[in-house]
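Novice: Predicted model, plus sequence, below.
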Amino acid sequence: QVRLVESGGGLVQPGKSLRLSCVGSGFNLDYYCMGWFRQGPGKERERVSTISNMDGTVEYADFVKGRFSISRDKAKNTVYLDMANLKPEDTGVYYCAAYLWAGGGICPRVDFGSWGQGTQVTVSS
């Protein structure tokens, strides 16, 4: 059974950085797409960044390009999201998700199916 646990959220001032972590268990991360999604107050959930673990292909939403970076540690079955130059509009609950995918390339735009409980990120002065 796939289990995902996020951590690292918190309250930060604009311009600061945070690192989110997602630890997976019950599956081999090698055969999955891993993604970070977020849902801001009163907004729909949106895709932030993904990484295809078959070949390491990464993808970023336009609103985070140049500020966020996704990475993985296969030995720890962990995916990270490094967030820099945070803005108030980055506020929201950030979710880690997994999708079984052996195709490589950019992760497909589908319901990832397996989700963590989320971690709150608040950017405010």
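Specialist: Arrived safely.
Novice: what's F27 sitting at in phi/psi?
Specialist: For F27, the backbone dihedrals are phi -160, psi 160 (criterion: degrees, to the nearest 10).
Novice: can you tell me how far it sits from F68?
Specialist: In this view, F27 and F68 are 24 Å apart by Cβ to Cβ, to the nearest Å. In short, each C-beta sits where N, CA and C put it, glycine included.
Novice: out of the two, which sits in the more crowded spot?
Specialist: Shown here are F27 and F68; by other Cβ atoms under 10 Å, F68 has more neighbours (22 against 16).
Novice: Run through the bridge partners of that one.
Specialist: For F68, the beta-bridge partners under DSSP bridges are M83.
Novice: Against D62, how distant is it?
Specialist: Relative to D62, F68 is positioned 11 Å away (Cβ to Cβ).
Novice: Nearest spatial neighbour of G56, chain-adjacent residues omitted?
Specialist: Nearest residue to G56 in three dimensions, chain neighbours excluded: R72, at 7.9 Å (Cβ to Cβ, 6 or more residues apart in numbering).
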